[in-house]
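# got a sequence here, can you model it:
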Amino acid sequence: MPTLTSLYQNVRSRVERAEWRVTGLVYAILQFIAFFFVLVATPIDMFRTRKEFSVLHSTMCYTLWGFKYDCYSTRYSTSYETMWAACPNRIRRFRAAQAFAVISIFVYGTAFVLGLVALCCCACLRWVCLALNVAGIATLCIVWASMVVTFNKYEGPRCLPMKEITTLGAGFALLVVAWCLDIINIALLLLPFEATLSLGSAKEESSTRSGEEEVKEAAGEPDSSAAHTPRRPRGGAGGADRSERGSGCR
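As a prediction, the model looks like this:
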């Protein structure tokens, strides 16, 4: 005969697996999209030159890796070390953004692969995915925050804010979207844990109550409602009449 504890553990494990299958599938899809966005955004434009500053109807842009006269070209026209020689802080900021963009690609890609593994065979890996997503929030935030600072900050007469001559590019938009998807995935990874805790506490309470009732029945304790019920005399009303007659004869 299966005990209540074994039944509870069996049901709980099945519920956990069912919850993680749905959540894990959504997580894997969103994580792949985020990874793809970071991969695509890293080499393309962070800033795009306004139309009034364009030359010969070509769209000039600024990527993480250099300046392009033609944004659709694969060649870089000028390096930032040459263009921003008078802006050392801006150069250091872009170098840091380059490094953290590459790190973010590996972090997001690893989180996606481990998410697939967790979905197929090992649900405990979701905690590793959670740690990677938290790290991904930090690394990718450094990248797009560096672009925001460069876009708005005045750093000298030869280092004007980029917002005066450019607009934010498609690469920047993809980075922000990937960062938001990362936050959504963290919430998804925490959701099964909270649901399991609430379900487990409710089942533990019910199993405790049923166990106490079984112990009382095995010990032969009377029901509390029956213990307070008054008992009638064995003889009933006839016995009372006979006692009265006997007292009268005396």
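# residues contacting stretch 36-54, please?
With Cβ atoms under 8 Å, 6 or more residues apart in numbering as the test, stretch 36-54 has contacts from 59-65, 68, 71, 101-102, 104-105, 108-109, 140, 147, 150-151, 162, 165-175, 177-178, 181. Glycine gets a C-beta too; all of them are placed from N, C-alpha and C.
# oops, could you answer that again for stretch 144-158 instead?
Stretch 144-158 is touched from outside by 46-47, 86-87, 89-90, 93-94, 96-97, 160-163, 166, 168, 172, 175-176, 179, with contacts defined as Cβ under 8 Å, 6+ apart.
# then it to CSV, C-alphas only?
Output of stretch 144-158 as CSV, limited to C-alpha atoms (Å, rounded to 0.1, in the frame of the first residue of the first chain):
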residue,chain,number,x,y,z
TRP,A,144,23.6,49.8,-24.4
ALA,A,145,24.2,52.1,-21.4
SER,A,146,27.5,53.1,-22.9
MET,A,147,25.8,54.0,-26.1
VAL,A,148,23.2,56.1,-24.2
VAL,A,149,26.0,58.0,-22.5
THR,A,150,27.8,58.6,-25.8
PHE,A,151,24.6,59.7,-27.4
ASN,A,152,23.8,62.3,-24.7
LYS,A,153,27.0,63.4,-23.0
TYR,A,154,29.0,66.4,-24.0
GLU,A,155,32.7,65.6,-23.6
GLY,A,156,34.4,68.6,-25.1
PRO,A,157,34.3,70.9,-28.2
ARG,A,158,35.6,68.0,-30.4
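# which SSE is T167 in?
Under the criterion of DSSP states H and E, T167 resides in strand 166-168.
# what do you get for Y72?
Assigned by DSSP H and E, Y72 belongs to no helix or strand.
# right, I'll call it a day here.
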